[in-house]
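A.B. asks: need coordinates for the below:
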Amino acid sequence: QVQLVESGGGLVQAGGSLRLSCAASVMIDSFVQMAWYRQAPGKQRDSVAMLTSGGTTHYADSVKGRFTISRDNAKNTMYLQMNSLKANDTAAYYCNAAVSVGFLKHYWGEGTQVTVTS
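C.D. replies: Reported below is the predicted structural model:
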């Protein structure tokens, strides 16, 4: 059973930084991709950053240059370093991981709240 647990969210002023962590219950090198999503109240859940098993990264335009996705295989943990935070970064942030079983099977964490005050 794959479990993903996010941590590191909180309240921060605009311009500040936070680092989110996503701890997995299994070896993360078993995932073909890992990603961070976010969902603001009343809005859909959107992809923020993605990291493939090959090390390729993809970022939403709104966070390019400010957010960095990374992982530590030894700790089975993925990170999202968020710098220069803005009020519109406020959302619940979710960890996502996918394994290939002929198709991509996705797993989700329960989310961690990030609130940026202006």
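A.B. asks: what sits closest to residue 26 if chain neighbours are left out?
C.D. replies: Spatial nearest neighbour of residue 26, excluding adjacent residues (Cβ to Cβ, 6 or more residues apart in numbering): residue 2 at 5.5 Å. Bear in mind the C-beta positions are built from the backbone N, C-alpha and C, glycine included.
A.B. asks: so the one you found touches residue 28, yeah?
C.D. replies: No - in this structure, residue 2 is not within contact of residue 28 by Cβ atoms under 8 Å, at 10.0 Å.
A.B. asks: low-confidence stretches in the chain?
C.D. replies: In the predicted model, the chain carries no residue with pLDDT under 70.
A.B. asks: centroid-nearest residue for it?
C.D. replies: When Cα atoms, centre = their mean is applied to the chain, the residue found nearest the centroid is residue 36 (2.5 Å).
A.B. asks: what residues does the helix or strand that one falls within touch?
C.D. replies: Under the criterion DSSP states H and E, the helix or strand holding residue 36 is strand 33-39. If you take Cβ atoms under 8 Å, 6 or more residues apart in numbering as the criterion, strand 33-39 is touched by 20, 22, 28, 45-53, 69, 71, 78, 80, 89, 91-98, 104, 111, 114.
A.B. asks: try 7 Å this time
C.D. replies: 20, 28, 45-53, 69, 71, 78, 80, 91-98 (Cβ atoms under 7 Å, 6 or more residues apart in numbering).
A.B. asks: only the buried subset of these, as a PyMOL command please.
C.D. replies: Only the buried members of the contacts of strand 33-39 end up in this PyMOL selection, burial being decided by 16 or more other Cβ atoms under 10 Å:
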select buried, resi 20+28+48+49+50+51+69+71+78+80+91+92+93+94+95+96+97+98
